[in-house]
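**Student:** I need the structure of the sequence given here:
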Amino acid sequence: MKSTKKPSVLVVEDEHPLRKVLSEKFTEEGFRVSNARNGLEGLVKAAKEHPDMILLDIVMPKMDGITMLSKLRKTRWGKNAEVVLLTNLSDTSKVAAGFTRGVYSYLVKSDWKLNDVVKLVRKKLR
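**Tutor:** Numbers count the residues shown, from 1 in each chain. This next block holds a predicted model:
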């Protein structure tokens, strides 16, 4: 029997307009959504909520996304958490650092549409 539980997404993004748009879109698409404004807040929420997918910005105050990812991977639950990096960076070293820590994918913010992000997440969570 298939679970009827809604999939959950944690959006870790310091830019309020983008965080809001992603949250609203995923909510409309039937996901349970929670938000964090920085990596420190994201790490706490991820540990507490165990979301099915984490959408993680790289450049943020208090704790950047790569540091959050590194700390997340050291936890029992977090070592296998599904993560998609969101970035404005074309800095391949930061993206490479994410992949060495087991991210599913990364998206350059200026290159994607909201529906594409939802499709990527749904594909991975199937």
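**Student:** Sketch out the low-pLDDT regions of this structure for me.
**Tutor:** 1-4, 89-101, 104 (pLDDT under 70).
**Student:** doesn't residue 34 fall inside a strand?
**Tutor:** Yes. Under DSSP: H, G, I helix; E, B strand; the rest coil, residue 34 sits within a strand.
**Student:** can you map out the helices along this structure?
**Tutor:** Secondary structure of the chain (DSSP state H): helices at 16-28, 39-49, 65-73, 92-100, 114-125.
**Student:** out of these, which comes closest to residue 83?
**Tutor:** helix 65-73 (6.3 Å; Cβ to Cβ). Using the backbone N, CA and C atoms, a C-beta is placed for each residue, glycine as well.
**Student:** Residues in a beta bridge with the residue most central in space within the chain, which ones?
**Tutor:** Among the residues of the chain, the one closest to the centroid is residue 55, at 1.4 Å (Cα atoms, centre = their mean). On the basis of DSSP bridges, residue 55 is bridged to residue 11, residue 84.
**Student:** just checking, which of the helices of the chain sits deepest inside the structure?
**Tutor:** helix 65-73 (a mean of 21; mean count of other Cβ atoms under 10 Å).
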